[in-house]
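Student: 3D, please:
(chains A and B)
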2 protein chains.
Amino acid sequence: MKFNCSKNDLIQALQIAGRAVATKPQTPILSGIYMKASEGTLELQATDYEIGVVCKIEADVEEEGILVAPGRYFSEVSRNLPGNTVTLTNDNNDNTIHISSGSAHFTLLKMNSEEFPCIRPLNNASHFTIRDTVLKKLIRKTSFACANDETRLIFTGCLLELEEEAVRMAATNTHRLSLDQEVLEGYEGDKKQVIIPARILGELEHGLNSDIPCDVTVNISYNEISFSFDNLYLTSRLIEGQFPDYHRVIPSDFKTRVTIDTAAFMAAVNRVSLIARSSEYNIVKLDFSMGQVHISSNSPEIGHAEETVPVVIDGPDVQIAFNGTYITDVLKHVDTKEFYLSLNESLNPAAVRETEDEAFIYIVTPVRVSR
Amino acid sequence: MKFNCSKNDLIQALQIAGRAVATKPQTPILSGIYMKASEGTLELQATDYEIGVVCKIEADVEEEGILVAPGRYFSEVSRNLPGNTVTLTNDNNDNTIHISSGSAHFTLLKMNSEEFPCIRPLNNASHFTIRDTVLKKLIRKTSFACANDETRLIFTGCLLELEEEAVRMAATNTHRLSLDQEVLEGYEGDKKQVIIPARILGELEHGLNSDIPCDVTVNISYNEISFSFDNLYLTSRLIEGQFPDYHRVIPSDFKTRVTIDTAAFMAAVNRVSLIARSSEYNIVKLDFSMGQVHISSNSPEIGHAEETVPVVIDGPDVQIAFNGTYITDVLKHVDTKEFYLSLNESLNPAAVRETEDEAFIYIVTPVRVSR
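Tutor: As a prediction, this is how the structure comes out:
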């Protein structure tokens, strides 16, 4: 095997592939990066059995071949090479990889490529295509609401729901739910529901950063999902189980609708949380009356914080309390200057909506406090 | 107590004072920040018994007073206040501090100010003044060479040596020594040697960042040292004991002097170290001959690295090996485009000097390797 490629292309590909290399691999081979050089292309693969990444870059291939390099060292060495071009050679009869660039020469011991669990395209999969911007928005608006708690696996993923001409994504940790929906042109397949681990969605959001719009091809088999776009192919296991019926969580009606300046309210809740967040529940009290919201928190050990923000209240006054994190979390993902907070009584779920996007809704359960 | 002050001034003062607040305080009061408002000035103090910081800012003092605020929360709250001005009030009869800025109001529980170990000016101290730039250079050129290992306390500090018209600073971890010297105009006192903890020198280097040149007044008592400049006063315990005689470490003569490009050599040693630094000693071999240095490292588990850099060799060829970290550490602090590496045999100490500053010298002990 012998090829020359751009150092920057290689570094970028290793950064992307490196995210699938396990820090504590189940077996040593998973700490490696698989490389295949053929026909003007270098393909890199990495996997930790949960997710897999395949990334292709242009290369001047002088001799085709396959090898697995130790991931961490190969990445570190590549990042630090002095030249703009990298030459990698490997004699099939010995166990070393030679990397040269400028005045620097490195030799790394190669791993056994026969042990590497190569990533193959999904078989028997249904597929659809979606604009990168649409997919990225759905992920951004929902995946933050997942649970981090691995003991309830189903809540560590986002529900992806396909229906005629519509695609929906939902995430919940049982205390809050985030739901977004977009038109999916040309999809006429069956109604379909799968639960995608938040981790691969994070990698996908990270990878979908091209300035040039593109389509993402999504393949879904019974237990796996893959995303391909540009020179990237990402794959992940699906989470098994039944996602809760989110329709039942969304109240059909609200008595009060408050229009609030997003940035001013988020800053105030963040400040008031400085006192509240030392306790487990980060309880922030909101008192809506007289054209303003009085935001406060209290800790017997630390002190007290309060602040008011002018709002427009449409309906009866309400006093309610939330985990402040559940409020600031969603406001980071609200893209409109103002948002609607829809409320019923103190102990009923509330809804956050954007003023200009009816498809997005965030439901949050209040906390009970003594007054 | 009541005062108004600029939020930015307060945040900056809290950042500086906060560095003396212990993360794990010996007694609870050391987690506090002492404040004294009087005559147009707010004075902040923090100490962890090892070091102490006093910082003064302008304030519009409406009512004089003293209090101790919980350091962490007071700093966090101040950083997040919405307005440009902060108003702090405290009723001497209750135990709360009221902080207001813009629409935000915070109440923090105050601490018992009588428990706070106030920082007082050093008594019976000798003193001298030194330009901030000179002091900062001495610290920068030496303190990196200290030991981190607290078991040998004497090596965790820098020697400060005063002699007629001269000031010297030296640091060693027994494997390497860094020494720098400057003219100290107007000093006619006795010869003096003290060992200053590297920690306070780090804080001092950090604090000496004004664009306007100033003089630093240094006071030295039998077991303490203080530095005052601008509105800052830093104090620290001295390290007791006898610093080794550094003159004996510096070879009187070298057979070979190599002139090397600083940036190119540092980059190459850093790269070659990628392979070496997985082992305990980070051994980098240097082979000086034929107008170049061949830099290499080897690890049976990982692989091999090598690189050459052109140099000017004045004297016999030498092969030598160092802990790569001890080389890159000093090169970060070399300010000339080229530097001199002076060598004798493979197992004799080597010296790093700048091409344009004879006062600075760095001595490093080689490591023995099989070839």
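Student: so A:Pro121 is in which element?
Tutor: Taking DSSP states H and E as the criterion, A:Pro121 maps to no regular element, lying outside all helices and strands.
Student: my read: it touches A:Thr217, true?
Tutor: No - between A:Pro121 and A:Thr217 there is no contact under CB atoms under 8 Å: 10.5 Å. Where C-beta positions appear, they are placed from N, C-alpha and C, glycine not excepted.
Student: who's more crowded, those two?
Tutor: Under the neighbour definition other CB atoms under 10 Å in any protein chain shown, A:Pro121 and A:Thr217 were set side by side, and A:Thr217 has more, 14 against 11.
Student: average pLDDT for the strand or helix carrying the more buried one?
Tutor: Take DSSP H and E as the rule and A:Thr217 turns out to sit in strand A:215-220. Taken as a whole, strand A:215-220 has a mean pLDDT of 94.
Student: ok, and what's touching the helix or strand just after that strand?
Tutor: Using DSSP H and E, the helix or strand that follows strand A:215-220 towards the C-terminus is strand A:224-229. Strand A:224-229 has contacts (CB atoms under 8 Å, 6 or more residues apart in numbering or on different chains) with A:121-122, A:125, A:132, A:135, A:194, A:196, A:200, A:204, A:207-208, A:214-219, A:233-238.
Student: residue at max distance from the center of chain A?
Tutor: Relative to the centre of chain A, the most outlying C-alpha is that of A:Asn93, 42.4 Å out, by CA atoms, centre = their mean.
Student: any idea how far that residue is from chain B?
Tutor: A:Asn93 sits 17 Å away from chain B, going by CB to the nearest CB, to the nearest Å.
Student: phi, psi for that residue please.
Tutor: Backbone torsions of A:Asn93, given as degrees, to the nearest 10, read phi -90, psi -10.
Student: and the one 10 residues further on, by the same measure?
Tutor: With angles defined as degrees, to the nearest 10, A:Ser103 shows backbone torsions of phi -90, psi 0.
Student: buried subset of the contacts of strand A:224-229 as a PyMOL selection?
Tutor: Restricted to buried positions by 16 or more other CB atoms under 10 Å in any protein chain shown, the PyMOL selection for the contacts of strand A:224-229 reads:
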select buried, chain A and resi 122+132+135+194+196+200+204+207+208+216+218+219+233+234+235+236+237+238
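Student: show me which of the contacts of strand A:224-229 neighbour chain B.
Tutor: Taking CB under 8 Å from any CB of the partner chain as the test, chain B is in contact with none of these.
Student: and the pLDDT at the residue nearest to A:Glu354 when sequence neighbours are not counted?
Tutor: With CB to CB, 6 or more residues apart in numbering or on different chains as the criterion, A:Glu354 has its nearest non-adjacent residue at 4.4 Å, and that residue is A:Thr336. You'll see A:Thr336 listed with a pLDDT of 96.
Student: which strand or helix spans A:Thr336?
Tutor: In this assignment (DSSP H and E), A:Thr336 forms part of neither any helix nor any strand.
Student: now swap in the one 5 residues further on and tell me
Tutor: Using DSSP H and E, A:Leu341 falls within strand A:338-343.
Student: elements contacting that strand?
Tutor: strand A:256-261, strand A:350-354 (3 or more CB pairs under 8 Å, 6 or more residues apart in numbering or on different chains; DSSP states H and E).
Student: now the following helix or strand past the last one - C-alpha only, CSV.
Tutor: The first helix or strand that comes after strand A:350-354 along the chain, using DSSP H and E, is strand A:357-364. Listed in CSV are the C-alpha atoms of strand A:357-364, where the atom choice follows Å, rounded to 0.1, in the frame of the first residue of the first chain:
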residue,chain,number,x,y,z
ASP,A,357,-43.0,28.2,14.0
GLU,A,358,-46.1,26.3,14.9
ALA,A,359,-44.6,22.9,14.3
PHE,A,360,-42.2,23.1,17.3
ILE,A,361,-43.5,22.5,20.8
TYR,A,362,-41.8,21.9,24.2
ILE,A,363,-43.8,20.6,27.2
VAL,A,364,-42.5,21.0,30.7
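Student: packing partners for strand A:357-364?
Tutor: With contacts taken as 3+ CB pairs under 8 Å, 6+ apart, strand A:357-364 sits against strand A:176-183, helix A:324-331, strand A:350-354.
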